[in-house]
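# This is a predicted model, with the sequence first.
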Amino acid sequence: MEQLQPNRSLKTLKIVCYFDPKFPTWMMGSSISSALPNLVELELRDCYLCQQLPGLGQLPSLKVLTIATMDVVMCLGNDFYGDHEACQPFPELVKFTLSDLHCLEKWCIAQPRSSFYPRLEMLFVERCPKLKCRQDLDFVTRFFPSIKEYTLDGAKLISGRTTRKTISLMPSRWS
């Protein structure tokens, strides 16, 4: 896949059943924003051996991101956001799905009301049994100020219980 550099005008990219432990160099580091400046939708699925995700936060036009069935990814940390000192991570992201990440333990999110995920409206975290996160509404709305709908399924609460929670936040029609 190293030799298959995508066209810069590409809008949708799906990488499915990728069996290399590393993504190609055009996806890693700061080169991803210049390689895929117009990418709107990205799906990474069944990349069983990949240990580290690219700096997807640097994609300036990304609106929909799905990361699913990656068996060895343990952390979404600073590398995932890219150089957030130079640019706002995920400036256009509206929908984010994390699914079947069985080893994911840590998801580093900046301080509440930061510039991370400023437009995120839908968040779905499903079957990530090792991920520890708070699932209360206050937590979600503090870290994701534009959130309208979220599902946290099978993530461990800070208290250690496992639960399923789906909430849609809709403006009241009666006010």
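Perfect, thanks for sending it. Residues are numbered from 1 along each chain as shown.
# so where do the strands sit in this protein?
Secondary structure of the chain (DSSP state E): strands located at 12-16, 41-45, 64-68, 75-76, 95-99, 106-107, 122-126, 149-156, 162-168.
# among these, which is nearest G82?
Of all the strands of the chain, it is strand 75-76 that lies closest to G82, at 12.0 Å by C-beta to C-beta. For the C-beta atoms, the positions are set from N, CA and C on the backbone; glycine is no exception.
# helices and strands around the closest one, which ones?
Counting by 3 or more C-beta pairs under 8 Å, 6 or more residues apart in numbering; DSSP states H and E, the packing neighbours recorded for strand 75-76 are strand 106-107.
# which residues of the chain score low on pLDDT?
Under the criterion of pLDDT under 70, the regions of the chain flagged as low confidence span 1-3, 84-86, 110-115, 133-139, 154-175.
# In this protein, which residue is most central in space?
To find the centre residue of the chain, average its C-alpha atoms and take the closest one (C-alpha atoms, centre = their mean): that gives F96, at 5.3 Å.
# tell me the contacts of that residue?
Taking C-beta atoms under 8 Å, 6 or more residues apart in numbering as the criterion, F96 is in contact with L65, F90, Y117, L120, M122, L123, F124.
# Which strand residues bridge it?
According to DSSP bridges, the residues that bridge with F96 are L65, L123.
# Surely K148 and E121 touch.
Yes. Checked against C-beta atoms under 8 Å, the pair K148 and E121 is within contact range at 4.6 Å.
# about what we covered before: tell me which two of the contacts of F96 sit farthest apart.
For the contacts of F96, the farthest-apart pair by C-beta to C-beta is F90 and F124; their separation is 15.2 Å.
# quick one, which of these two is more surrounded?
Each of F90 and F124 has its neighbours counted (other C-beta atoms under 10 Å); F90 has more, 26 against 16.
# Check the spacing between that one and L62 real quick.
F90 is 7 Å from L62, where distance means C-beta to C-beta, to the nearest Å.
# So for those two, which residues contact both of them?
Taking C-beta under 8 Å, 6+ apart as the contact definition, F90 and L62 share the neighbouring residues L56.
# need the helices for the protein, in chain order.
Using DSSP state H, the helices assigned to the chain run over residues 31-35, 78-81, 137-143.
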